[in-house]
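Visitor: let me see the structure of the following:
(chains A and B)
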Amino acid sequence: DAGVIQSPRHEVTEMGQEVTLRCKPISGHNSLFWYRQTMMRGLELLIYFNNNVPIDDSGMPEDRFSAKMPNASFSTLKIQPSEPRDSAVYFCASSLNQGAANVLTFGAGSRLTVL
Amino acid sequence: KQEVTQIPAALSVPEGENLVLNCSFTDSAIYNLQWFRQDPGKGLTSLLLIQSSQREQTSGRLNASLDKSSGRSTLYIAASQPGDSATYLCAVLSRSQGNLIFGKGTKLSVKP
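Guide: Numbering: from 1, shown residues only, chains lettered A, B, ... in the order given. Down below sits the predicted model:
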């Protein structure tokens, strides 16, 4: 298995532009997580899905952020409009939801820079 | 609300030393605690997972302990090597929040 695949790996955009980050989870995994990592705040959970259904989106910072999971093999995180403070590394992770034995596999991340 | 703290934020040791990384959490109602490794520019790699009912887990030169009642975990690395240089993150799967809560990590540098 190729692991969790994220694209793009790097994105530089200007303030106000729309940004779409993509994630392909590991085949067979039924939970998918979007995290954001910054120096100041560390890793923060934005949203997670279970069986393609959003379970907890309380970490989504504001309405400019949205996430979808149209099927078990694909998810997107969209920021519209983007702002400089959105600059961070965004990680996608997936797991086979096993409760207490839940082990997440992370993608390599998408580094976003908003100018 | 669960909070996870890691001390120290950074650590530099000479090769061959044994070392301990510390993690503390505020709410003992957890399913498990996990230690991850993150290399620069890369994602996170799971190292060890300790269930709430367990006291420790071992993998090679790594040993992680869990004291749930005091809200503490340690990651012990024996005979450190330059290849161990990375950021180590601790995360708890909290019963109340249902998702992994991460510490900010300890950046380890092992000098040859």
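Visitor: what's the neighbour count on residue 3?
Guide: You didn't say which chain, so I picked chain A. 14 (other Cβ atoms under 10 Å in any protein chain shown). Where you see a C-beta, it was placed from the backbone N, CA and C, and this is true even at glycine.
Visitor: other chain: chain B
Guide: Residue B:3, neighbours per other Cβ under 10 Å, totals 13.
Visitor: with residue A:40 instead?
Guide: 6.
Visitor: sticking with the most centrally placed residue in chain A, tell me its helix or strand.
Guide: Centroid-nearest residue in chain A, with Cα atoms, centre = their mean: residue A:34, separated by 3.0 Å. Here residue A:34 sits within strand A:31-38, counting by DSSP states H and E.
Visitor: list phi and psi for the spatially closest residue to residue B:63 that is not a sequence neighbour.
Guide: Sequence neighbours aside, residue B:76 is the residue nearest to residue B:63 in space, at 4.4 Å (criterion: Cβ to Cβ, 6 or more residues apart in numbering or on different chains). For residue B:76, the backbone dihedrals (degrees, to the nearest 10) come out as phi -100, psi 130.
Visitor: residue A:43 contacts residue B:89, doesn't it?
Guide: Yes: with contact defined as Cβ atoms under 8 Å, residue A:43 reaches residue B:89; the gap is 7.0 Å.
Visitor: for the closest residue to residue B:83 other than its chain neighbours, which residues count as its bridge partners?
Guide: Excluding the flanking residues, the one nearest residue B:83 by Cβ to Cβ, 6+ apart is residue B:110, at 7.8 Å. Under the criterion DSSP bridges, residue B:110 forms beta bridges with residue B:13.
Visitor: again with residue B:65
Guide: residue B:56, residue B:74.
Visitor: check contacts around it.
Guide: By Cβ atoms under 8 Å, 6 or more residues apart in numbering or on different chains, the contact set of residue B:65 is B:50, B:55, B:56, B:73, B:74, B:76.
Visitor: how close does it get to residue A:90?
Guide: Relative to residue A:90, residue B:65 is positioned 32 Å away (Cβ to Cβ, to the nearest Å).
Visitor: may I see the buried residues of stretch B:59-69?
Guide: B:62, B:63, B:64, B:65, B:66, B:68 (16 or more other Cβ atoms under 10 Å in any protein chain shown).
Visitor: any of the contacts of residue B:65 buried? List them.
Guide: B:50, B:73, B:74.
Visitor: and these as a markdown table, adding pLDDT and distance to residue A:95?
Guide: Shown next, in a markdown table, are the buried ones among the contacts of residue B:65 (pLDDT from 0 to 100; distance: Cβ to Cβ, whole Å):
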| residue | pLDDT | distance to residue A:95 |
| --- | --- | --- |
| B:50 | 93 | 17 |
| B:73 | 98 | 20 |
| B:74 | 97 | 25 |
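Visitor: which one of those residues is nearest chain A?
Guide: For the buried ones among the contacts of residue B:65, the closest approach to chain A (Cβ to the nearest Cβ) belongs to residue B:50, at 10.3 Å.
Visitor: quick one: the closest one and residue B:66 touch, right?
Guide: Yes: in this structure, residue B:50 is within contact of residue B:66 by Cβ under 8 Å, at 4.4 Å.
Visitor: which neighbours do these two share?
Guide: B:33, B:56, B:73.
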